[in-house]
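>>> Predicted model follows, preceded by the sequence.
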Amino acid sequence: MQHPYLPRTLPAELEILVEFALDLRWIWSHAGDALWQTIAPEIWERTQNPWMLLQNVSKDRLDALVQDQTFLSKLEELKQERIQYYKQDGWFQCEYPDCQLGTVAYFSMEYGLGEALPIYAGGLGILAGDLLKSASDLNLPLVGIAFCINRVTLGNCLMHKVFSRLFILIMNRPACLSGPHWTSRAIA
């Protein structure tokens, strides 16, 4: 299946990897690091970024992983662990079970989420990243939004976080909101 943000098709047995890579929980939960390293050790060592790894790993390697029962078992374990994590009620749902609060928008020019995502310059970004992490831990209905200007391409990036999930989409052409102009490279 072709994912709208991934410029390649993954074998059906590995499609869950796209969901894992887009769920930026990997930045602070390192439960999946060994799995990512198994896929492509050299790419993982260079980037520490699952999304970049999925874009750059060879098709032959992906085909080999589909045949590797040990890898598929580990993938299933990680999937079940993630399902259990998201089934848990957070502080917000426990303290305010009847709250009808919609999504809260948090705007910042940068978010310091991790070295693999160089979309921060200093203190403000680190503080904003910590706020998103805390909101995720508490399961707050928070959306983090940033419009970042890249000195070279003047592209915009949209960061979207909803209920413990943070997705980063980078658009190289601000006038076009869909189609082939979306890419997943982090702004340098």
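Perfect, thanks for sending it.
>>> Contacts for the lengthiest helix in the chain, please.
Ranked by residue count, the top helix of the chain under DSSP state H comes out as helix 69-87. With contact meaning C-beta atoms under 8 Å, 6 or more residues apart in numbering, helix 69-87 is reached by 13-14, 16-17, 20, 23, 25, 31-32, 34-35, 38, 65-66, 164. C-beta here means a position set from N, CA and C on the backbone, and glycine is covered the same way.
>>> next helix or strand past it?
helix 91-95 (DSSP states H and E).
>>> re the thing from before, specify which member of the contacts of helix 69-87 is nearest to G114.
R25 (11.1 Å; C-beta to C-beta).
>>> if I look at that closest one, how far off is L62?
To L62, R25 is 22 Å away according to C-beta to C-beta, to the nearest Å.
>>> any idea how far the longest helix of the chain is from the chain center?
Relative to its chain's centre, helix 69-87 lies at 17 Å (C-alpha atoms, centre = their mean, to the nearest Å).
>>> Just give the number of residues close to the nearest residue to C99 once chain neighbours are set aside.
Counting by C-beta to C-beta, 6 or more residues apart in numbering, F92 is the residue found nearest to C99 once chain neighbours are left out, at 7.6 Å. F92 has 17 neighbouring residues, counting by other C-beta atoms under 10 Å.
>>> how about F92, what does it touch?
So F92 contacts C99, L138, N139, L140, P141 (C-beta under 8 Å, 6+ apart).
>>> could I get those residues as JSON lines with neighbour count, distance to E45 and secondary structure?
Formatted as JSON lines, these follow (neighbours: other C-beta atoms under 10 Å; distance: C-beta to C-beta, whole Å; DSSP: H, G, I helix; E, B strand; the rest coil):
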{"residue": "C99", "neighbour count": "10", "distance to E45": "44", "secondary structure": "coil"}
{"residue": "L138", "neighbour count": "15", "distance to E45": "33", "secondary structure": "helix"}
{"residue": "N139", "neighbour count": "17", "distance to E45": "33", "secondary structure": "coil"}
{"residue": "L140", "neighbour count": "21", "distance to E45": "34", "secondary structure": "coil"}
{"residue": "P141", "neighbour count": "16", "distance to E45": "36", "secondary structure": "coil"}
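>>> And the strands in the protein?
Assigned by DSSP state E, the chain shows strands spanning 104-107, 142-145, 156-162, 165-171, 182-183.
>>> Could I get the average pLDDT for the third one?
On average, the pLDDT along strand 156-162 is 40.
>>> With the second one instead?
Strand 142-145 shows a mean pLDDT of 86 in the predicted model.
>>> helices or strands next to it in the packing?
strand 104-107, helix 123-138, strand 156-162 (3 or more C-beta pairs under 8 Å, 6 or more residues apart in numbering; DSSP states H and E).
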